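Enquirer: coordinates only, sequence not included:
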């Protein structure tokens, strides 16, 4: 796997994990002000969630890389074009 493919795979994994992490710990605003969405989170903690997402995605990417380099997880073999 070259570096460009590795970055793209990491990005896809990161994006999927982000959507899994976003709803964690969300509390709605109790008394929304005028013009404020009542479903908006009170404190979204986006930086914390981005860091958690990055760590989980890195662990999954490392596992994917190891499996790919060991030819355990090879899409070319699965497609029958090997």
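Expert: Thanks, I have it. All values reported here derive from a predicted model rather than from experimental measurement.
Enquirer: farthest residue from the center of the chain?
Expert: Centroid-distance maximum for the chain: residue 34 at 33.8 Å, with CA atoms, centre = their mean.
Enquirer: Where does that residue sit: helix, strand or coil?
Expert: coil (DSSP: H, G, I helix; E, B strand; the rest coil).
Enquirer: Let me see the contact set for it.
Expert: If a contact means CB atoms under 8 Å, 6 or more residues apart in numbering, then residue 34 has no contacts. Bear in mind the C-beta positions are built from the backbone N, C-alpha and C, glycine included.
Enquirer: ok, now the one 5 residues further on?
Expert: Residues touching residue 39, when contacts are defined by CB under 8 Å, 6+ apart, comprise residue 28.
Enquirer: now do residue 6
Expert: 61, 65.
Enquirer: do the same with residue 29
Expert: If you count contacts by CB under 8 Å, 6+ apart, residue 29 has them with 36, 38, 40-42.
Enquirer: residues in contact with residue 42?
Expert: 27-30.
Enquirer: related to what we said a few turns ago, okay, the residue farthest from the centre of the chain: pLDDT?
Expert: In the prediction, the pLDDT value recorded for residue 34 is 85.
Enquirer: returning to what we had before: by neighbour count, which of the contacts of residue 29 wins?
Expert: Neighbour counts for the contacts of residue 29 (other CB atoms under 10 Å) peak at residue 41, which has 15 neighbours.
Enquirer: between the contacts of residue 42, which is nearest residue 62?
Expert: Closest approach to residue 62 among these (CB to CB): residue 27, at 33.0 Å.
Enquirer: how close does that closest one sit to residue 10?
Expert: Noted for residue 27: a distance of 31 Å to residue 10, by CB to CB, to the nearest Å.
Enquirer: Which one's more surrounded, those two?
Expert: Ranked by neighbour count (other CB under 10 Å), residue 27 and residue 10 place residue 10 first, with 18 against 9.
Enquirer: So what does the residue farthest from the centre of the chain have for phi and psi?
Expert: Main-chain torsions, residue 34, degrees, to the nearest 10: phi -70, psi 130.
Enquirer: What of residue 42?
Expert: When read as degrees, to the nearest 10, the backbone of residue 42 gives phi -70, psi -50.
Enquirer: Okay then, goodbye and thanks.
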